[in-house]
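>>> Got a predicted structure plus its sequence, pasted below:
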Amino acid sequence: MLDHICRMLSDGRGLPSYWRHSAARRQAMNCVLTRHAYGPHRRQYLLLLEPPGTQPGEALPWAFYFHGGGWAFGTPEAFSVAGRPWLAAGFRVVLPSFRRPPVYGLPDIVHDCRNALAATARLARATGRPLSRPHIGGISSGGHLAALLALHPDWWAQAGWPGPPDHALLCAAPSDLRLLSPSWLFGRYAAQCPARCFDVADHCRWLLLHGTRDGLVDYAHAEQFLQRLRDSGADARLLTIPGGGHLDAGRWTYNDADPYAKAIADFVRSAGPGLPAAG
């Protein structure tokens, strides 16, 4: 218990520096950003990031990235820096926002995310942007949402996409809600628990990134989810950060010298057309 508290405090102390570096890199990004509502609530919107000079009719691949913040904090704007590897590889990147607790619960958040998928497909068709099988990624609670969406190919078909994600990046993701505290709160969300939704997983390549001393989302989430993925026949890999905390799984978003930045860029570029770097 004491070790867990120390790990949580360590993660918390690192937040000011983390956000300072992230904001600086975000301000230097070179991309076209537009905001699109998909519902009446002020949180029901998405950001669309496109490489500079992109024309709507260009057949670029798509990626979705879901922000962290414990489902209750964070914004797509603050986490838009995570879109850099996809932008550099020539992707259109979508960062959805969603309604929040305590007024709205996890089923509402997942519902919003599904609506954001459908709204993006409608936007693409209305503006002549060709669709593709997308990438999907996320950090922390956003990694949970990315995992859940990737495990439901039927949701993508219903939203109007040509197929489910073929690449999924999960960073410090709580993939098994039963491992979170308080258990009475998170254990009741069986339908929103990725570790309990394993009808299919081998349609997608998976890359997991997690620190062994994560004080917010225990490393066991990644270990156990990796095994479930491999047991299902999926192509899955775990990048372990020895001694890494929660924030260490996200430093690649702003630091190109981070030890894991190249592996993530290579994972992204394995399916992208490879445009010049976008900042």
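Right, received. Where do you want to start?
>>> Name the residue closest to the centre of this structure, please.
residue 138 (1.4 Å; Cα atoms, centre = their mean).
>>> quick one: residue 13 from residue 139, how far?
Residue 13 sits 19 Å away from residue 139, going by Cβ to Cβ, to the nearest Å. For every residue, glycine as well, the C-beta is placed using N, CA and C.
>>> For residue 25, pull up the helix or strand it's in.
helix 15-27 (DSSP states H and E).
>>> Counting neighbours around each, name which of residue 13 and residue 139 comes out higher.
residue 139 (29 against 11; other Cβ atoms under 10 Å).
>>> Look up phi and psi at the more buried one.
phi -120, psi 140 (degrees, to the nearest 10).
>>> give the contact list for it.
66, 67, 68, 79, 82, 171, 172, 173, 249, 250, 253 (Cβ atoms under 8 Å, 6 or more residues apart in numbering).
>>> Mind listing the residues bridging to it?
Note on residue 139: beta-bridge partners residue 171, judged by DSSP bridges.
>>> need the helices for this protein, in chain order.
Here the chain has its helices, by DSSP state H, at 2-13, 15-27, 76-79, 84-88, 106-127, 141-150, 153-159, 183-186, 220-231, 261-269.
>>> Buried deepest among those, which one?
Comparing the helices of the chain by mean neighbour count (mean count of other Cβ atoms under 10 Å), helix 141-150 ranks first with a mean of 29.
>>> what's the spacing between it and its chain's center?
6 Å (Cα atoms, centre = their mean, to the nearest Å).
>>> That one - contacts with which helices or strands?
strand 62-66, helix 106-127, strand 135-139, strand 167-171 (3 or more Cβ pairs under 8 Å, 6 or more residues apart in numbering; DSSP states H and E).
>>> Adding distance to residue 149, write these out as CSV.
Below are those laid out as CSV (distance: least, Cβ to Cβ, whole Å):
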stretch, distance to residue 149
strand 62-66, 8
helix 106-127, 6
strand 135-139, 6
strand 167-171, 9
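>>> Among those, which comes closest to residue 43?
Nearest of those to residue 43, taken as Cβ to Cβ: helix 106-127 at 7.7 Å.
>>> now the angle between strand 135-139 and the closest one, please.
140 degrees (axes from the mean of the first three to the mean of the last three Cα atoms, to 10 degrees).
>>> For helix 106-127, the averaged confidence score.
The pLDDT scores in helix 106-127 average 98.
>>> Would you mind writing the CA trace of that helix as PDB?
Extracted C-alpha coordinates of helix 106-127, given in PDB (Å, rounded to 0.1, in the frame of the first residue of the first chain):
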ATOM      1  CA  LEU A 106     -19.100   5.500 -18.500                       C
ATOM      2  CA  PRO A 107     -21.900   4.100 -20.700                       C
ATOM      3  CA  ASP A 108     -22.700   7.700 -21.800                       C
ATOM      4  CA  ILE A 109     -19.000   8.300 -22.600                       C
ATOM      5  CA  VAL A 110     -18.800   5.200 -24.800                       C
ATOM      6  CA  HIS A 111     -22.100   6.200 -26.500                       C
ATOM      7  CA  ASP A 112     -20.500   9.600 -27.200                       C
ATOM      8  CA  CYS A 113     -17.400   8.000 -28.700                       C
ATOM      9  CA  ARG A 114     -19.500   5.800 -31.000                       C
ATOM     10  CA  ASN A 115     -21.400   8.900 -32.100                       C
ATOM     11  CA  ALA A 116     -18.100  10.700 -32.800                       C
ATOM     12  CA  LEU A 117     -17.100   7.800 -35.100                       C
ATOM     13  CA  ALA A 118     -20.400   8.100 -37.000                       C
ATOM     14  CA  ALA A 119     -20.100  11.900 -37.200                       C
ATOM     15  CA  THR A 120     -16.600  11.700 -38.600                       C
ATOM     16  CA  ALA A 121     -17.700   9.200 -41.300                       C
ATOM     17  CA  ARG A 122     -20.600  11.600 -42.200                       C
ATOM     18  CA  LEU A 123     -18.200  14.600 -42.300                       C
ATOM     19  CA  ALA A 124     -15.800  12.700 -44.500                       C
ATOM     20  CA  ARG A 125     -18.500  11.800 -47.000                       C
ATOM     21  CA  ALA A 126     -20.000  15.200 -47.000                       C
ATOM     22  CA  THR A 127     -16.600  16.900 -47.700                       C
END
